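1. Requesting a structural model of the entry that follows:
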Amino acid sequence: MKIGIKYCGGCNPKYDRVAFVDKLRKQCAHCEVKAVNNKETFDCVAVVCGCSVACAGLKDINTRKGFVMVREDNLDATVKHLQTLQCEASESDSKLYV
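-> Modelled structure (predicted):
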């Protein structure tokens with residue numbers, strides 16, 4: 001599974017988004033985890049936000065199964081949602097919030 005990573009604007013200095021993604025990469029070692037770009041299509045995209053505003057722009061991001069909006073440092077819930085998307089047979093543009 002190819003997981004894209006999209007970061008928010010970073011207004012919350014108390015939340016280390018990069019450290020969270022490093023843990024996510026280790027937890028999902030069987031997946032390809034990389035920063036999003038508009039030239040690739042990802043199975044799903046984890047949008048790592050530091051607050052409930054979730055300001056990250058999602059325009060021009062190609063995803064087969066939607067987005068996981070990460071608003072808390074909750075690795076277990078994020079991985080669970082990513083696994084749910086991985087198991088879904090159909091494509092979607094849904095957003096799951098963690």
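2. what ranges do the strands span in the chain?
-> For the chain, applying DSSP state E gives strands covering 2-7, 32-35, 41-42, 44-48, 62-63, 67-70, 95-97.
3. for those strands, which one sits closest to residue 13?
-> strand 2-7 (13.5 Å; Cβ to Cβ). C-beta coordinates here come from the backbone N, C-alpha and C atoms, glycine included.
4. what would the strands of the chain look like in CSV with mean neighbour count, mean pLDDT and distance to residue 87?
-> Below are the strands of the chain laid out as CSV (neighbours: other Cβ atoms under 10 Å; pLDDT from 0 to 100; distance: least, Cβ to Cβ, whole Å):
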stretch, mean neighbour count, mean pLDDT, distance to residue 87
strand 2-7, 20, 95, 14
strand 32-35, 14, 96, 17
strand 41-42, 17, 95, 16
strand 44-48, 25, 93, 11
strand 62-63, 18, 92, 16
strand 67-70, 26, 88, 14
strand 95-97, 16, 60, 13
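5. mind putting those strands in CSV, distance to residue 23 included?
-> Shown next, in CSV, are the strands of the chain (distance: least, Cβ to Cβ, whole Å):
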stretch, distance to residue 23
strand 2-7, 12
strand 32-35, 11
strand 41-42, 19
strand 44-48, 11
strand 62-63, 22
strand 67-70, 11
strand 95-97, 19
